[in-house]
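K.L.:
when you get a sec, could you give me coordinates for this:
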Amino acid sequence: MNQILAFIGENVTFIYLIGLMIFVGIELISHVPSVLHTPLMSGANAIHGVVLIGAIIVLGHAPTDDYFSLIVGFVGVFVGTLNVIGGFVVTDRMLEMFKKKPKK
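P.N.:
Next up is the predicted model:
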């Protein structure tokens, strides 16, 4: 318990910063008009792709005997891949809504 309190005491600024980022992010996302969601989703997918490549590079440099780092890195790469793929699927589905349906 003392280690947790010491960690919080040393990183209280970062904890406040993360809380502020969460609050600002939720406020920004909730006020974005629905017309802008598709372009923002595409841009976010491109950024996540770059982050995913960085995670793969970092995972490649992890020591082979440190199983915890390898497992956490693998889970991070896996979840990041799901995020990128899911984002592109949602973007494609949203773009399908704007296509005109052929008349019969």
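K.L.:
I'd like to know which elements the lowest-mean-pLDDT helix or strand in the chain is packed against.
P.N.:
The least trusted helix or strand in the chain, going by mean pLDDT, DSSP states H and E, turns out to be helix 37-60, with a mean of 80. Counting contacts by 3 or more CB pairs under 8 Å, 6 or more residues apart in numbering; DSSP states H and E, helix 37-60 is packed against helix 67-98. From N, CA and C alone the C-beta is placed, and that goes for glycine too.
K.L.:
counting contacts, what elements does the helix it packs on pack onto?
P.N.:
Against helix 67-98 (3+ CB pairs under 8 Å, 6+ apart) you get helix 37-60.
K.L.:
low pLDDT regions in the chain?
P.N.:
For the chain, residues meeting the criterion pLDDT under 70 lie at 34-35, 37-38.
K.L.:
walk me through the domains of it.
P.N.:
The chain breaks down into these domains under automatic domain parsing: 1-31, 36-104.
K.L.:
could you dump the ones you listed to a markdown table with mean neighbour count?
P.N.:
Converted to a markdown table, the domains of the chain look like this (neighbours: other CB atoms under 10 Å):
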| stretch | mean neighbour count |
| --- | --- |
| domain 1-31 | 9 |
| domain 36-104 | 12 |
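K.L.:
circling back: chain center to the least confident helix or strand of the chain, what's the gap?
P.N.:
8 Å (CA atoms, centre = their mean, to the nearest Å).
K.L.:
with just CA atoms, put it into PDB.
P.N.:
Output in PDB follows, covering the C-alpha atoms of helix 37-60 (Å, rounded to 0.1, in the frame of the first residue of the first chain):
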ATOM      1  CA  HIS A  37     -17.400  12.000 -37.700                       C
ATOM      2  CA  THR A  38     -16.300  10.200 -41.000                       C
ATOM      3  CA  PRO A  39     -13.300  12.500 -41.800                       C
ATOM      4  CA  LEU A  40     -12.200  12.500 -38.100                       C
ATOM      5  CA  MET A  41     -12.500   8.700 -38.000                       C
ATOM      6  CA  SER A  42     -10.300   8.400 -41.100                       C
ATOM      7  CA  GLY A  43      -7.700  10.700 -39.600                       C
ATOM      8  CA  ALA A  44      -7.700   8.900 -36.300                       C
ATOM      9  CA  ASN A  45      -7.200   5.600 -38.100                       C
ATOM     10  CA  ALA A  46      -4.200   6.900 -39.900                       C
ATOM     11  CA  ILE A  47      -2.700   8.100 -36.600                       C
ATOM     12  CA  HIS A  48      -3.500   4.700 -35.000                       C
ATOM     13  CA  GLY A  49      -1.700   3.000 -37.800                       C
ATOM     14  CA  VAL A  50       1.500   5.000 -37.200                       C
ATOM     15  CA  VAL A  51       1.200   4.200 -33.400                       C
ATOM     16  CA  LEU A  52       0.700   0.600 -34.200                       C
ATOM     17  CA  ILE A  53       3.900   0.500 -36.300                       C
ATOM     18  CA  GLY A  54       5.800   2.200 -33.400                       C
ATOM     19  CA  ALA A  55       4.400  -0.400 -31.000                       C
ATOM     20  CA  ILE A  56       5.600  -3.200 -33.200                       C
ATOM     21  CA  ILE A  57       9.100  -1.700 -33.400                       C
ATOM     22  CA  VAL A  58       9.200  -1.300 -29.600                       C
ATOM     23  CA  LEU A  59       8.000  -4.900 -29.100                       C
ATOM     24  CA  GLY A  60      10.800  -6.100 -31.500                       C
END
